[in-house]
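Student: sequence unknown, structure follows:
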Ligand code: SF4
């Protein structure tokens, strides 16, 4: 890594129970295994300290899984280890993810004292029936008790995640969840459209015809309704799935969208050093085995090619409210951006989906909802223009 500031993600890959829709890598919690895992994690930290002795951490994110299952002593030991290996003086944001279950006020008070300044809570819905469909182990009551307690501790930022498109969810129940979230005084909100990932129990239920997915038009209305309600409440829609009160954006996630470097530790964690990307094995057992054999637990690595960078630039920039800069696009692609605009207009690609002021190209909320197809259309135009150049 040439630049010495990086953003650090640490994965705690254990949950009390797997949710029915989840295909993130995590296992059911086993206290003994978690201890062995944390000691292997220390060795991975040592390894990166040896590789990059001068790095400074910009943002620190402890995600999962359910990091709230880490015991207080284990948490202290982890922070002490990080401090001994990396320079944490430049950390501007330290986030911990949690679930609204088994709330341990002592642990969170200590996290606050140890410098955690952002908490993100996996609420997902304020409707008990929807929580059951999602296979969550918490209830609406757990959420309404946990949120004020976290806020009472004094964390600078408290945010939560909600899911829309849940089978059986209605426009009314979605608006209720949003209003519940807004009334809880949070300053950050992430909204995700439910997806059915192969290998999850929810996917199997869908295949067996035991649940019906929500109509895409209803999901779109839910997304647009959220955009409207959140704007009315002073939230800025700064990324396709993320809203924040002014100056309350997640800096760690912004680093991903801005293509900055990050180091991910733990099983299935991804890293990026500006040139290549690598990711760890997707198994706690393999991770522990490889670390204990003195090897890095890397599953695969890829060096980004020029076309990879171009595609990534489009996908990352068009996720954000800043959008794509015409000059950056022209420097990277060597194509006059007005040719892309001409083609969009010719194709009749609805102008309600995008805005271009001559310098920045941005997607509107309606455009964000269909962003993948817009981006692939633009990539197709780029190829056509390049082929025309070759012929001429
Ligand atoms: S708590 Fe989060 S990481 Fe764990 S199974 Fe549920 S969705 Fe997945």
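Tutor: That came through, no problem. Note that this is a predicted model, so its numbers are computed, not measured.
Student: middle-most residue in the protein, spatially?
Tutor: Centre of the chain computed as the mean C-alpha position; nearest residue by CA atoms, centre = their mean is residue 253, 6.4 Å away.
Student: Three-state assignment for that one, please.
Tutor: For residue 253, the secondary structure call by DSSP: H, G, I helix; E, B strand; the rest coil comes out as helix.
Student: kindly report the residues of the stretch 151-300 of the chain close to the ligand.
Tutor: Residues of the stretch 151-300 of the chain lying near the ligand by CB under 6 Å from any ligand atom: none. Every C-beta, even on glycine, is put in place using the N, C-alpha and C of the backbone.
Student: tell me which residue of the stretch 151-300 of the chain lies closest to the ligand.
Tutor: With CB to the nearest ligand atom, the shortest gap between the stretch 151-300 of the chain and the ligand falls at residue 161, namely 9.0 Å.
Student: ignoring the adjacent residues along the chain, who's closest to that residue?
Tutor: Distances taken as CB to CB, 6 or more residues apart in numbering put residue 190 closest to residue 161, at 4.6 Å, once the chain neighbours are dropped.
Student: confirm the one you found sits in a strand?
Tutor: Yes: checked against three-state DSSP, residue 190 lies within a strand.
Student: list the contacts of it.
Tutor: 120, 159, 160, 161, 162, 241, 242, 243 (CB atoms under 8 Å, 6 or more residues apart in numbering).
Student: now the last one. Nearest residue, chain neighbours left out?
Tutor: Ranked by CB to CB, 6+ apart and with sequence neighbours excluded, the top spatial neighbour of residue 243 is residue 235, at 4.1 Å.
Student: tell me the pLDDT of the one you found.
Tutor: You'll see residue 235 listed with a pLDDT of 98.
Student: number of nearby residues for it?
Tutor: The local packing of residue 235 (other CB atoms under 10 Å) involves 22 other residues.
Student: try residue 240
Tutor: As a burial measure, residue 240 scores 18 neighbours (other CB under 10 Å).
Student: measure it to residue 161 for me?
Tutor: Counting by CB to CB, to the nearest Å, the gap from residue 240 to residue 161 is 14 Å.
Student: swap in residue 235?
Tutor: From residue 235 across to residue 161, the span is 14 Å (CB to CB).
Student: ditto for residue 31
Tutor: 26 Å.
Student: so between these two, which is more surrounded?
Tutor: Shown here are residue 31 and residue 161; by other CB under 10 Å, residue 161 has more neighbours (19 against 10).
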